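Student: Whatever this is, show me its structure:
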Amino acid sequence: MDRELRAVSTVRLFTDRKCFGPGIAELLRRVDEHRSLRAAAQSMEMAYSKAWTIMKNAEEALGVKLLESSTGGKNGGGAVLTENARRFLEAYERYCTRLRACSEEILAEEFAFYRDL
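Tutor: Prediction:
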């Protein structure tokens, strides 16, 4: 049995409502990979309508466009991240990395006694 303590933190950002977190971050990474919101949602086993709603709610709460979409046609349409989406995603990932490092340090300090139990 693994008895090592570890903290698991999830970061969600808010304006007047939730606007960015691990779900939207993963959705953006998958859109970047698949070049399609529908394909990104499918790769996450998420309904397209839910992905679309999550994306629209995030854009409204942040006040910035996160995806540039094109509808079907000869080349089939798709979606790409806007520059603002890339900036948010990169900043979110850096913030989470730094927060995890701080969290691990504090955990080691506050629960040092646990090793002696």
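
Student: what stretches of this structure score poorly on pLDDT?
Tutor: 72-76 (pLDDT under 70).

Student: Check it for its longest helix and report it.
Tutor: Looking across the chain with DSSP state H, the single longest helix is helix 83-110.

Student: What are the buried residues along that helix?
Tutor: Within helix 83-110, the residues scored as buried using 16 or more other C-beta atoms under 10 Å are 85, 88, 89, 92, 96. The way it works is simple: take the backbone N, C-alpha and C, and place the C-beta from them, glycine included.

Student: Same question for stretch 60-67.
Tutor: 61, 62, 66, 67.

Student: Can you give the distance from that stretch to the centre of its chain?
Tutor: 14 Å (C-alpha atoms, centre = their mean, to the nearest Å).

Student: Same question for stretch 108-117.
Tutor: 32 Å.

Student: And stretch 85-94, by the same measure?
Tutor: The answer for stretch 85-94 is 9 Å, by C-alpha atoms, centre = their mean.

Student: Show me the contact partners of that stretch.
Tutor: Here stretch 85-94 makes contact (C-beta atoms under 8 Å, 6 or more residues apart in numbering) with 11, 13, 20, 25, 28, 29, 62, 64, 65, 66, 67, 81.

Student: tell me the contacts of the closest residue in space to residue 43 that isn't next to it in sequence?
Tutor: Leaving aside its sequence neighbours, residue 43 sits nearest to residue 30 (C-beta to C-beta, 6 or more residues apart in numbering; 5.3 Å). When contacts are counted by C-beta under 8 Å, 6+ apart, residue 30 touches 39, 40, 41, 43, 44.
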